[in-house]
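# heads up, no residue letters with this:
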């Protein structure tokens, strides 16, 4: 399955079903929201979360080229010392990651080793569900940044995805982030903002799904205002990239994020994604192509954002099996690395890499709980209390974010 | 709830979008007869003749131009097959048969993006028609040797020397049992059982290659032995989790996004046993029949967000677009914008459901597509125009099989009642029309 996207995870996840329901009908007064848009705390940081769907092969991303067990486990897939972009005498980056390698050399890229969670689930659905809800122990119908949004007041403009379908991680219990494909609102002629506002009101006694359908129109008017604000401050042609709902390349998603950040939009969280990492067969070249699609736009974005307080985090729902399968691919695995870049990030390798020989059913044993990473982002980037969003979780990453 | 509302609700759920005439007929027949009629088996249609699969027939070392030409031909065949299916959903939409075929397509979600053959996708679809109306065993058996599914989930890469787990895992997780009802050891064992299947793309067939097949005994789902693909299918459909899992998928697409209420959870998996089901064999038609006539079913009205295919096919049917060929472009544009193109599910998990279709982007797409579709139906616009201005909202509700408008929506529609095309287009984007 080489066309895996975030949508696949919506079906089995309860997130889209339950979490958004309560959001229907809670229309804010437009003028109140607009009044806060210019009030952005100048010290506030912005989080850009990059989700790699399909399970990126971590061992061929940050490559333990010096460990003999690596080449033994996957002879046809392994990179040798001469091929990798070295980070130190032990590990190197995939040859497709030239931009990230440059940033690592400038001490701007942090690699957090062996991130996972207890009792790993090898299902794409369940594992992505766990990463997006932040709850490995039981099913949860809200996303971790959705719960942050609830606590932050619930204005959908605070958490934006430039994709046609809301990612579960942005669905809260009482609010939900905004989806803005193409970064522009295109209303057909004969449809007025007044009509949208009127359709966006809740009707007494209507079914919840219908209420949420109505609330879309209210969200649309808010997003329309947000985009007008952005368009006013920078004369660029966002409309030229509008694709009318089809899914956007990572490059165009990040271009829109950059534009909003530079315009001083009130948004604190941006969710972007890249799919296609589920490579059960003929993986090596295909993964290089995928990683190139990540590297170029991500490095360019990080450099463009250098003057802004933006932190970027990159993750996937799991790494892959240490041993290759017979199709020159790898099957679903467990722990992998999380990449952090941007404002205040201390570059370098952080934490201990998992052993390639002491395995759990053929898979890596995780070293750092992913909730430590989330807690650090919630506290240091979003200035919120991680325990509230992560069900009392108190772990933190030390020394990665200043 | 009035009899008409109950019938309208049942038809909105079982068919791709009922017209006012469908509902009138249903009211005349009564609920039981209507449900039987709508769920009655339909002979599988003759498939469109798409011509040979040029890509599969390419010799090794074919020129770049030849490859490109073959790719273009494949894309054209896929476009033909897609439009053929959408047209069939429109023209046979008084029956529930094609919607059930679409249900199975979303369940055994296979994408032509990797299969790269319209012929194999149509063959899979025909298997849904042939086996999807009875006990689930024959369908699972057919799918485990279905060439499109095997290609999609790397089945032909799965060999004795080192199995590829993709197909084995997804068959249990997504198609038959659900997460938590099998172990990692079962995945590895099932992968061994499924080793050795090879697809002949030119012939459109799959066969077991003995040299690639692992015949070692395995422990699989509590049984130990040497299993073939049919024995594996039987283990799956006899597993206690199988029928409840299927019932939960039926409920999610036909019932509601909420959990099954107690009075329905008892009857749904068993279905309505008469006449062709034993009651526990995973017969989805029997489940639908039991659901549709149950007194608790009408309470689910408005609980489901229409899938894009239901929204657009229903609109074309209700607007009675006279020249279907002219609707091809706007219909496909709508499906692309809303994110549901037949034969192209986003992943093996199929399409999302419910709230996922309710985004600001989708709201814009419905506004735009509504206008484009209404522009193709001047006679229907004329019919609305003939109603007195004060009755036009009711006329549009009847036309679009909506029970009625909330005061909120009526207040938006009333000012445009003088302009029937705008009225109809806006009505297609309303919250009331978006759910069912």
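All right, it came through fine. Everything numeric here is computed off the predicted structure, so don't read it as measured data.

# doesn't residue B:254 make contact with residue B:13?
Yes: here residue B:13 reaches residue B:254: they are 5.3 Å apart, a contact under CB atoms under 8 Å. Any C-beta I mention is one placed from the backbone N, CA and C, and that applies to glycine too.

# higher neighbour count, the two?
Set side by side, residue B:13 and residue B:254 show more neighbours around residue B:13, with 25 against 22, by other CB atoms under 10 Å in any protein chain shown.

# Which of the helices or strands spans the more buried one?
helix B:3-14 (DSSP states H and E).

# does any part of that helix sit near chain A?
No: counting by CB under 8 Å from any CB of the partner chain, chain A is not contacted by helix B:3-14; separation bottoms out at 11.8 Å.

# what's the offset of that helix from the middle of its chain?
Offset of helix B:3-14 from its chain centre (CA atoms, centre = their mean, to the nearest Å): 19 Å.

# Show me what counts as buried in it.
For helix B:3-14, burial by neighbour count (16 or more other CB atoms under 10 Å in any protein chain shown) applies to B:6, B:7, B:8, B:9, B:10, B:11, B:12, B:13, B:14.

# Touching stretch B:405-420 from outside, list them.
A:195, A:198-199, A:201-203, A:206, A:214, B:381-382, B:384-385, B:389, B:392-393, B:396-397, B:422-423, B:426-427, B:430-432 (CB atoms under 8 Å, 6 or more residues apart in numbering or on different chains).

# follow-up on the earlier one: what helices or strands is the helix holding residue B:13 leaning on?
helix B:20-29, helix B:31-39, helix B:284-293 (3 or more CB pairs under 8 Å, 6 or more residues apart in numbering or on different chains; DSSP states H and E).

# so how far is the first one off the chain centroid?
What it means is helix B:20-29. The answer for helix B:20-29 is 24 Å, by CA atoms, centre = their mean.

# One more: the last one?
Computed by CA atoms, centre = their mean, the separation of helix B:284-293 from the middle of its chain amounts to 16 Å.

# before we move on, what about the shortest one?
Mean-position distance between helix B:31-39 and its chain equals 20 Å (CA atoms, centre = their mean).

# ditto for stretch B:378-388
Distance, centroid of stretch B:378-388 to centroid of chain: 33 Å (CA atoms, centre = their mean).

# how about it, does it get close to chain A?
No: using CB under 8 Å from any CB, we find that stretch B:378-388 stays clear of chain A, coming within 14.0 Å at best.

# Can you list the buried residues in that stretch?
Buried residues in stretch B:378-388 (16+ other CB under 10 Å): B:380, B:381, B:384, B:385, B:387.

# pLDDT value on the last one, please?
Among the per-residue scores, residue B:387 shows a pLDDT of 96.

# so who does it touch?
Under the criterion of CB under 8 Å, 6+ apart, the neighbours of residue B:387 are B:394, B:395.

# Keep only those of the buried residues of stretch B:378-388 that are in helices.
B:380, B:381, B:384, B:385 (DSSP state H).

# The residues you listed: which two are farthest apart?
Farthest apart among these by CB to CB are B:380 and B:385. That separation is 9.7 Å.

# Which stretches in the stretch 201-350 of chain A count as helices?
Remark: helices assigned in the stretch 201-350 of chain A by DSSP state H, counting those that start in this stretch are A:208-233, A:250-262, A:283-304.

# Tell me the secondary structure at residue B:199.
strand (DSSP: H, G, I helix; E, B strand; the rest coil).

# so what's it up against?
B:147, B:150, B:151, B:155, B:156, B:205, B:206.

# so what's it scoring on pLDDT?
Reported pLDDT for residue B:199: 96.

# residues contacting the closest residue to it other than its chain neighbours?
Excluding its sequence neighbours, the residue lying closest to residue B:199 (CB to CB, 6 or more residues apart in numbering or on different chains) is residue B:147, at 4.4 Å. Contact partners of residue B:147, counting by CB under 8 Å, 6+ apart, are B:120, B:123, B:124, B:199, B:200, B:201, B:204, B:205, B:206.

# Low-confidence ranges, the chain, go.
Picking chain A for this. Under the criterion pLDDT under 70, the flagged ranges of chain A are A:1-39, A:163-165, A:180-186, A:223-247.

# switch to chain B, that's the one I care about
Scanning chain B for pLDDT under 70 picks out B:273-280.

# Could you point out the longest helix of it?
Among the segments of chain B that qualify as a helix by DSSP H, the longest is helix B:64-91.

# packing partners for that helix?
Packed next to helix B:64-91, using 3+ CB pairs under 8 Å, 6+ apart, are helix B:54-57, helix B:97-107, helix B:118-131, helix B:308-319, helix B:324-338.

# now with 7 Å?
When contacts are defined as 3 or more CB pairs under 7 Å, 6 or more residues apart in numbering or on different chains; DSSP states H and E, helix B:64-91 packs onto helix B:54-57, helix B:118-131, helix B:308-319, helix B:324-338.
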